[in-house]
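Asker: this is a predicted model, with the sequence first.
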Amino acid sequence: MNVCDLCKPAEILIVEDNPNDLGLIQRALKMSKLNSNLHVVRTSEDALVFLHQKDKYAKVPRPDLIILDLNLPRENGRKVLKEIKVDPKFKRIPVVVLTNSDDEDDISEVYDLYANCYIIKPNNAKQFIEVVQSIENFWITIVKLPSGE
């Protein structure tokens, strides 16, 4: 990381429809000492519109990190993940799947779709916040990623 990286806030896209989980994610990221801007969408359709910067998302920045729930209304998070990872403009954006499912088939399928990691949401609020802060710390401060296109 260089000095300029520290000045520019990280752009984090949260794709989550559950208000309780979303509140915990937002709380965890706001409590963090890292400089980040949070963007929230609640459906897979909105996530794709956001990424393609269309309609009401025409002026949004490209995310540096995506936190994606699998269980979304209408289309599930797998559709978003698949579209991100096949598109050359987006495939390098880290996608962290944060979900309730501990099903081995879900885990295998998500990694087959090239998710960067799969994390099961803790049931305890304190642990949930710690996990989210760990995600942010790892992907924003520790990992060196290529610059966005």
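Answerer: That came through fine.

Asker: quick one: the strands in the protein?
Answerer: Using DSSP state E, the strands of the chain run over 10-15, 36-41, 65-68, 95-99, 117-120.

Asker: helices along the protein, start to end?
Answerer: 3-7, 19-31, 44-51, 77-86, 104-112, 125-136 (DSSP state H).

Asker: residue 63 is in contact with residue 13, isn't it?
Answerer: Yes: using Cβ atoms under 8 Å, residue 63 is in contact with residue 13, at 3.9 Å. The C-beta positions use only the backbone N, C-alpha and C, and glycine is treated the same way.

Asker: just grab the bridge partners of residue 11 for me.
Answerer: residue 37 (DSSP bridges).

Asker: residues in contact with it?
Answerer: By Cβ atoms under 8 Å, 6 or more residues apart in numbering, the contact list for residue 11 reads 36-37, 39, 61-65.

Asker: okay, those in CSV with distance to residue 145 and neighbour count next?
Answerer: Shown next, in CSV, are the contacts of residue 11 (distance: Cβ to Cβ, whole Å; neighbours: other Cβ atoms under 10 Å):
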residue, distance to residue 145, neighbour count
36, 14, 16
37, 17, 15
39, 18, 17
61, 15, 14
62, 12, 14
63, 11, 24
64, 7, 21
65, 9, 22
